[in-house]
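Enquirer: Got a predicted structure here, sequence first:
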Amino acid sequence: MEDEGLPDMNIVREFIHSLTKREREAFDLIGQGYANYQIAKTMGISLLTARTYAKRIHDKLYIVGRSRLAIAAHIINEEGNDARESVIG
């Protein structure tokens, strides 16, 4: 049985490419711990649009709960950083 506190990263990796560019930006900010109002301010969008992006991300990645979404985004961001460092280094 999978740990109920963690997202299924295989599903996240499979569907991450279904996010639009702006949804991916919001996803990255969620991984940094941003709240919807902070995402709205940072991206120059309304709070309603930030909430809509978060809902769409939840739906597309099959993740229930903001904390699981933040964990998934953090893991994906770290994997991306590791990949970039290995290319550069």
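Expert: Okay, I see it.

Enquirer: So for the chain, the centremost residue is which one?
Expert: In the chain, the residue lying closest to the centroid (Cα atoms, centre = their mean) is F27, at 2.9 Å.

Enquirer: host element of that residue?
Expert: According to DSSP states H and E, F27 maps onto helix 21-31.

Enquirer: Put the alpha carbons of that helix into CSV.
Expert: Provided in CSV are the C-alpha atoms of helix 21-31 (Å, rounded to 0.1, in the frame of the first residue of the first chain):
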residue,chain,number,x,y,z
LYS,A,21,3.2,26.7,-19.6
ARG,A,22,1.4,28.9,-17.1
GLU,A,23,0.1,25.9,-15.1
ARG,A,24,3.7,24.7,-15.0
GLU,A,25,4.8,28.1,-13.6
ALA,A,26,2.1,27.9,-10.9
PHE,A,27,3.1,24.3,-10.2
ASP,A,28,6.7,25.4,-9.7
LEU,A,29,5.6,28.1,-7.3
ILE,A,30,3.4,25.7,-5.3
GLY,A,31,6.6,23.6,-4.9
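
Enquirer: before we move on, the earlier item: mind listing what the residue nearest to the centre of the chain touches?
Expert: 16, 19, 57, 69, 73, 76 (Cβ atoms under 8 Å, 6 or more residues apart in numbering). For every residue, glycine as well, the C-beta is placed using N, CA and C.

Enquirer: Return the subset of those residues lying in helices.
Expert: Judged by DSSP state H, the contacts of F27 include 57, 69, 73, 76 as members of helices.

Enquirer: Could you give the number of residues near the last one?
Expert: I take that to be I76. 20 (other Cβ atoms under 10 Å).

Enquirer: Tell me which residues touch it, please.
Expert: The contact partners of I76, taken as Cβ under 8 Å, 6+ apart, are 12-13, 16, 27, 31.

Enquirer: Now flag whichever of the residues you listed is closest to I39.
Expert: Nearest to I39 among the contacts of I76 is F27, at 9.7 Å by Cβ to Cβ.

Enquirer: per-residue confidence for the closest one?
Expert: F27 is assigned a predicted lDDT (pLDDT) of 96.
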